[in-house]
Each structure stands twice: as C-alpha cells, then as structure tokens.
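> sequence unknown, structure follows:
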C-alpha cells in the first residue's frame, strides 16, 4: 500500500489544478492518452485513491497476466476500470477482459491505418486480344485491408472507452475538489468573522479557538476529542457572557406550564433564550434553536462519555471537523444578534422576559 498523502490545502489545490489540466488535455486532444493516464495516476495518488492510481498505471503499461490468467486483485481493478466483457461460448457466458495498454491501442490504430493505405490495390488495366478469353484482375489486397480495418475498429472502440473512463474519473474528482474549495472558502469566511468578533464578547475565547485549531491538526484521536470539548466550553463561556445563570423560568404554552432551567450547566437553554429574546424572526429562532439543541445534546454526550473514561468518543478527525464547523456557524449566528443589541441595555436574567425554550 502506498504511503498516504496528508490532504492539506496545498495538496488539494495542486490536485484541482492538475484535474483541470487533464480535462483540457482530454477534451482538446493535446497529448497522447497514455500521458493522460499517467497524469491521472498522479491525481489519484494526491487524493490517496490507491485503486485508481494502480488502474491508471496499468492503463498506461498494460495489465499484468500469467499463463494461468490474471491475478484476482488485478481482475478486480479491471472490473472497476470497465475492461471486463462477456462472450458466449456454447451455451455459457464467459467473462473475459482485455489487458492491452492504451499505448498499444494507439499503435494499433496508427499502424493499421498505414497497412490499409499500403494495401490499396493499384489501378491496372487488363485486356486480351482474344475476344473469347475471360480476363480477370489480380486477387488484390482486400483480405489484408479487411483485417487491418477490423483491428483498427476494435482498437478505436476500446481506446474511446479508455478515454471516456479517464474523463469520467477526472471530471468527478475535479468537481469534488471545486466544491471542497467553495465549502472551504465559505467556512474560512465564517471562521474569520467569528475569530474577529468573539474576543469582544468572550475575551477568553481566543485561547480556546487556538486550542481547537491545534488539536484538529494533531493525528492523535484524544486531541480530536479535546477539540470537541473546547467547542463545548466555548458555547458555555458564550452563554455566561450573554445570559448568565439565573433562576429557572416558567412558561405556559397554552396546554401546561413548563419549567426552563437556567442554571450554570444549562448553557444551551440560556443561549436559546438569548436568541429568542434578541431575534425578530421566528424562522431564525427555530433554525438556530434547533441547531443549538442538537449540538448541545451531542456535545454533552461526548463530554459525559469522556468523564466515564471512554476513549472512543470521537473516532475520526472528520467527526471532530463537523463539530467545530457546526459550533462556528452557531456562534456566528449568536454573535450577529449580540452585535445588533442596543449597547446601553444590558441583558440580565431579571430583565429578560419569560420566553419559550427547551427544558434540559
């Protein structure tokens, strides 16, 4: 197995540029398809796609085989590459595959066209002085031309299939990378906005944000869990700054009274109440409140599992990334409300009206 390449922003940008170049090479027929396959192999390597990296190497050089046939691992790659086909032998369908390289198809086409051109029958005129004699022309090269035409046709069909396979793979990776860049740019804007404003609301947040970045960059799963715990503490500090702990609230939803806990541990309830008190949009309240409730439950579950000594609370960096992304989006929405508050009117538990919110 090849060594994995860390998917850094620099690597992903290189892969995006390479994929765009390969698509141009294919669509404009700028270089032989063999060279395109080798470029595609590099693209797959940058993306840690080991199977397609080997496939494109074999596309350029030919798939290995021995007197007993094709090894099982290579056969699986040929199936993935679309080189396998069925032929009927007697009453049975037999699975077969062609192992020739792209270069061999290109050579077959070029040499076949030369053979066809060389095998053209010369223009001859045959006559006889004997009117009763039957005169026939030479046999000619029709058989050779037909054989060359058949070989060129088959190679052209298979080469076209290889071109389509390469184009399909590279275009799919290209659009994935473009979307990744767009998503990355969106998150970068959100992150920069939050980083620039969070310190005004929660001065201690800068240290927590730095800790989140450092832990996410680590290869240690325990550090990923620490990044998620920092997200929880960031939301707790934000709640303490915007709506400090206070007495529980009682609301009447028309059917029964409901108690909303507003203690030190009920930071999600306090944030939801802050959103409801400061937003003029019911839709905004519903979306942010729902996201907060979901994130709070998840973060608390991770925290409680860690408290019990569980070492499998966060199983991948991708999972930790999602928690950080969702936290940033929620914090950004809440800070936008904090920025829009009248600066001369502080929000305190005593001043805040009793509004609906989830009970923990």
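Perfect, I can see it now. Small disclaimer: the values here were computed from a predicted structure and weren't measured.

> other SSEs contacting whichever helix in the chain runs longest?
The helix that spans the most residues within the chain, counting by DSSP state H, is helix 142-201. Applying 3 or more Cβ pairs under 8 Å, 6 or more residues apart in numbering; DSSP states H and E, one finds that helix 142-201 contacts helix 9-27, helix 33-46, helix 50-61, helix 102-118, helix 205-216, helix 221-242, helix 317-340. C-betas here are computed from N, CA, C, even on glycine.

> May I see the buried residues of the second one?
By neighbour count, with 16 or more other Cβ atoms under 10 Å as the criterion, the buried positions of helix 33-46 are 33-34, 36-41, 43-46.

> same check, this time on the first one
By neighbour count, with 16+ other Cβ under 10 Å as the criterion, the buried positions of helix 9-27 are 12, 15-16, 18-19, 21-23, 25-26.

> Tell me the gap between that helix and the middle of its chain.
Remark: helix 9-27 is offset 15 Å from the chain centroid, using Cα atoms, centre = their mean, to the nearest Å.

> what do you get for stretch 210-227?
The answer for stretch 210-227 is 22 Å, by Cα atoms, centre = their mean.

> Equivalent analysis for stretch 208-224, please.
Using Cα atoms, centre = their mean, the offset of stretch 208-224 from its chain centre is 22 Å.

> Contact partners for residue 55?
Applying Cβ atoms under 8 Å, 6 or more residues apart in numbering to residue 55 gives the contacts 44, 77, 80-81.

> Residue 117: which of these is nearest?
Using Cβ to Cβ, residue 81 is the member of the contacts of residue 55 that lies nearest residue 117, at 32.5 Å.

> Distance check, the closest one against residue 156.
Using Cβ to Cβ, to the nearest Å, residue 81 is found at 18 Å from residue 156.

> more crowded one of these two?
The neighbour comparison of residue 81 against residue 156 (other Cβ atoms under 10 Å) goes to residue 81, with 22 against 15.

> Can you check what pLDDT the model gives the closest residue in space to the more buried one that isn't next to it in sequence?
Distances taken as Cβ to Cβ, 6 or more residues apart in numbering put residue 55 closest to residue 81, at 5.0 Å, once the chain neighbours are dropped. pLDDT, residue 55: 96.

> hmm, back to that, run the chain-centre distance for the longest helix of the chain.
Using Cα atoms, centre = their mean, the offset of helix 142-201 from its chain centre is 11 Å.
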